[in-house]
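Peer 1: Got a predicted structure here, sequence first:
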Number of protein chains: 2
Amino acid sequence: MRAAILAAGSGSRFRRHFDGPKPLFPLLGVPLIVRNILGLREAGVHEFVVVTGCYDRELRDYLGDGSQWGVSIRYVHNSRWQLGNGTSAHTFQEVYRPEEKFVLLMADHLYEPEVFQDVIAEAEQLDEGDVLLAADRRVNDAYRLEERTKIVADGDVARQLGKELGQFDAVDCGLLLCTGALLEALSQAIDQGRYTLTDGVNILTREGRVKLLFVDRNWVDVDDLESCRRGENILLKSLIPEKDGFVSKHLNRKISLRITRWLAPTRVTPNQISFFSFLICLFSALCFGLGHPFAGGILAQLGCILDGVDGEIARLNYKKSSYGALFDSILDRYADYFMIIGMGYWWFQHSDYPGFALIVSMLALSGQPMSMLIKEKYKSSTGQTFIPERDDGIFRYVPANRDGRLFLIMLGGIFHLIPATLIILAIISHGQTIVRLVSLRRKM
Amino acid sequence: MRAAILAAGSGSRFRRHFDGPKPLFPLLGVPLIVRNILGLREAGVHEFVVVTGCYDRELRDYLGDGSQWGVSIRYVHNSRWQLGNGTSAHTFQEVYRPEEKFVLLMADHLYEPEVFQDVIAEAEQLDEGDVLLAADRRVNDAYRLEERTKIVADGDVARQLGKELGQFDAVDCGLLLCTGALLEALSQAIDQGRYTLTDGVNILTREGRVKLLFVDRNWVDVDDLESCRRGENILLKSLIPEKDGFVSKHLNRKISLRITRWLAPTRVTPNQISFFSFLICLFSALCFGLGHPFAGGILAQLGCILDGVDGEIARLNYKKSSYGALFDSILDRYADYFMIIGMGYWWFQHSDYPGFALIVSMLALSGQPMSMLIKEKYKSSTGQTFIPERDDGIFRYVPANRDGRLFLIMLGGIFHLIPATLIILAIISHGQTIVRLVSLRRKM
């Protein structure tokens, strides 16, 4: 499937914030139009047609043939762009392939990336001659509702679109799955002197041919600083993975997302952050080993927070790589190891029962990778992701995953309770393993 | 796709070894016909038609409706079975579905299971009206060549089949992928008073309609004690996984396969063996900790050898389960942990530098799960299996995988070199991790 991206407008209102075509405005480090291209690429779209107008040269120069993102981009230029965005959408006619279904979207809208999957999943069911319009029923949450195109709906069929409707059921997200019928309707509208995309769509609504897909993902039409901010928040919020543990979800992410907001526009790579997080944990280990548990504890927690940032930036800016995931998890294991060795060594030197300290430290040490080992083995055996919040039953409240373990290490450092921390870590990490072995026996 | 299994004969020659229908003769714990059903099930066949003759009742009673193996089995009875196996194959006509392609095989032949995948993979290319016959060009390796059906071939087309041919290119493996054409040819042959399957196939060879698939898997027609033995060896040899390390391949498997040959017919489950192997390693750890390194070393190696048996029996008797794989690998990690803790504790108690012993032991301990961690993470990220022999470059000669590590532990125990063993284990396990992190960066 191909996608047509409308990038013809002049974005005059946005000009005071950004000197250039609005689709090239970088939000958290990635231009708006590139975000849409990358989001659609994840959803399986690899061919793009960018409709240019005001900024033809600039867009071609920046985006090129798309090969740097592993997609192909061609351009059509709409010389009548000033008349209205219906003429831009209609320009796609020049490259339209008979019976093709295509995605049509606004270059300067920002979407939570999963929305593209949702829309494209409907392609098979869409009848020839119909159009599917992404619509948002949460009208009270819409940003600058007065400027949104509203929709009167009858079930999941649109009856009328317009900016000035008094009563309406949803707002238009600026994202459509189209058949050639839209291009015909746009022709008709343009012949009648009506030049907006809404005019074209309204010709089809009269025949009941505009189906609605109600989305519950977030999106925003980027048009001023406030909407940029809103867009950033939408993206950042979408980065919290389902598999997050309790401490991570309620504490670490609140901080790591701020760091991500700050680092995303820079050239720092996820692997560099992974390594930096590892170094911090190494310092934590040294602090523990040399008898500065307070600093050790604080650094441990800091390392854990930073450990979230690499993945966030990788997901946010489409820099995910399987090597990155492997590199990060192996470094995490070493970070855990060194902290436990630091704590164990200190305890051993100050204990009246060094043999006991040795055994407990070794048990705590060996417990560190068990959570990951079971999760990875589960995934490679069953193809499914092990999600502690869902799969650990009552044990999900025990801080035995990494976020929880490092939180315990922080507490142990702050309150100078090294032996107790090691004993607890040994018990909960191996306890979790045994519980998982027993519970998975039933489930797998 | 369905499979028709010919199980009509009386197996008179085999009667002196086994009192019952030959297809029910258990080879390494599983009756011949059930091995074929399970092998085909792995290749995607779930519907079976068993052609009975001499032992109709016994086969139905034993096999039932197939639900115990997750397949469906129906039966057709060939009252003329004594005339020849062509009449049995022809009986499939009773349940034949127009235009169906089906697998036809002998109940008492034993195949290396992968051969079924190879044959079924050809189904799409097989033209209506043709037959595909599995053939083996290694005629000099064929068991009792004088009794085999020989094939004169012209490229991959059979020209003639027969037992008494003077010159021939291959032997018939008794496994066919058929279209309705075979049933028509059999009708014709039977009308002419020729009753063997070969007679039917020879009608098609004249028209060039018998294609050959040359197999390089092993197989045998089980007909006497020597062929049973040969069959057992074929199965056991097929159990050695590609990912085996050096010590495992050249030492452990030679012993573990003997144990598997002995245990396979019993009711012992793979998980019980995993647990027993774990217990032996636990005793090894105790021996090390209490100062009996010789016994510890021997037990470690014994545990490692037994650790191969669980997987072998699971694969051999189609008892593989994703839980079994998870259970086994987690127990292995604990076995490794306990042995290192035992060795470390002993060293610590007898060392003049207990702090050094502690650090080295902890490094050795933390190195144990790293090999598995990288392999599992690699698999879950890329979907591919990490094969040390292929992917570890020059490092594949370093005994850093489990078979190698436990071999070192055995040597360390026998020669009473605990500190050296722990130092070496620490170096090679973390060394391997670093080498893998560097080399995978290029590859992934």
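Peer 2: That came through fine. Predicted model only: the values in this text are computed from it and were never measured. Numbers count the residues shown, from 1 in each chain, chains lettered A, B, ... in the order given.

Peer 1: Count residues in the vicinity of the closest residue in space to A:Arg159 that isn't next to it in sequence, would you?
Peer 2: Excluding the flanking residues, the one nearest A:Arg159 by C-beta to C-beta, 6 or more residues apart in numbering or on different chains is A:Val152, at 4.4 Å. For the C-beta atoms, the positions are set from N, CA and C on the backbone; glycine is no exception. Applying other C-beta atoms under 10 Å in any protein chain shown, we find 16 residues neighbouring A:Val152.

Peer 1: tell me what the helix or strand where A:Val152 lies is packed against?
Peer 2: Using DSSP states H and E, A:Val152 maps to strand A:150-154. Under the contact criterion of 3 or more C-beta pairs under 8 Å, 6 or more residues apart in numbering or on different chains; DSSP states H and E, strand A:150-154 touches strand A:131-136, strand A:157-162, strand A:170-178.

Peer 1: strands paired with it, and their directions?
Peer 2: Strand A:150-154 sits in its sheet next to strand A:157-162 (antiparallel), strand A:170-178 (antiparallel), going by DSSP bridges.

Peer 1: From A:Leu183, how far out is A:Glu99?
Peer 2: Separation of A:Glu99 from A:Leu183 (C-beta to C-beta, to the nearest Å) stands at 12 Å.

Peer 1: Looking at the two, which one has more neighbours?
Peer 2: A:Leu183 (19 against 8).

Peer 1: If I look at A:Thr385, what pLDDT would I see?
Peer 2: We have a pLDDT of 90 for A:Thr385.

Peer 1: Looks to me like it is in a strand.
Peer 2: No - if the criterion is DSSP: H, G, I helix; E, B strand; the rest coil, then A:Thr385 is coil and not within a strand.

Peer 1: where in the stretch 251-400 of chain A is pLDDT low?
Peer 2: Nowhere does the stretch 251-400 of chain A drop to pLDDT under 70.

Peer 1: do that again at 90, thanks
Peer 2: Scanning the stretch 251-400 of chain A for pLDDT under 90 picks out A:380-383, A:387-399.

Peer 1: Please apply the same query to the stretch 1-150 of chain A.
Peer 2: A:11-17, A:19-20, A:141.

Peer 1: quick one: the residue located most distally from the centre of chain A and A:Pro419, what's the gap?
Peer 2: In terms of distance from the mean C-alpha position of chain A, A:Asp352 ranks first, at 51.4 Å (C-alpha atoms, centre = their mean). To A:Pro419, A:Asp352 is 11 Å away according to C-beta to C-beta.

Peer 1: doesn't A:Val398 make contact with A:Leu408?
Peer 2: No - the pair A:Leu408 and A:Val398 does not pass the contact test of C-beta atoms under 8 Å, sitting 10.3 Å apart.

Peer 1: Among these two, which residue is more densely surrounded?
Peer 2: A:Leu408 (21 against 18).

Peer 1: gap between the more buried one and A:Met343?
Peer 2: When A:Leu408 is compared with A:Met343 (using C-beta to C-beta), they lie 11 Å apart.

Peer 1: Now for those two: what residues contact both?
Peer 2: Both A:Leu408 and A:Met343 are in contact with A:Thr421, where contact means C-beta atoms under 8 Å, 6 or more residues apart in numbering or on different chains.

Peer 1: which non-adjacent residue is nearest the residue in the stretch 201-350 of chain A positioned nearest to chain B?
Peer 2: Going by C-beta to the nearest C-beta, chain B is nearest to A:Ser322 of the stretch 201-350 of chain A, at 3.5 Å. Leaving out its chain neighbours, the residue that sits closest to A:Ser322 by C-beta to C-beta, 6+ apart is B:Ser381, at 3.5 Å.
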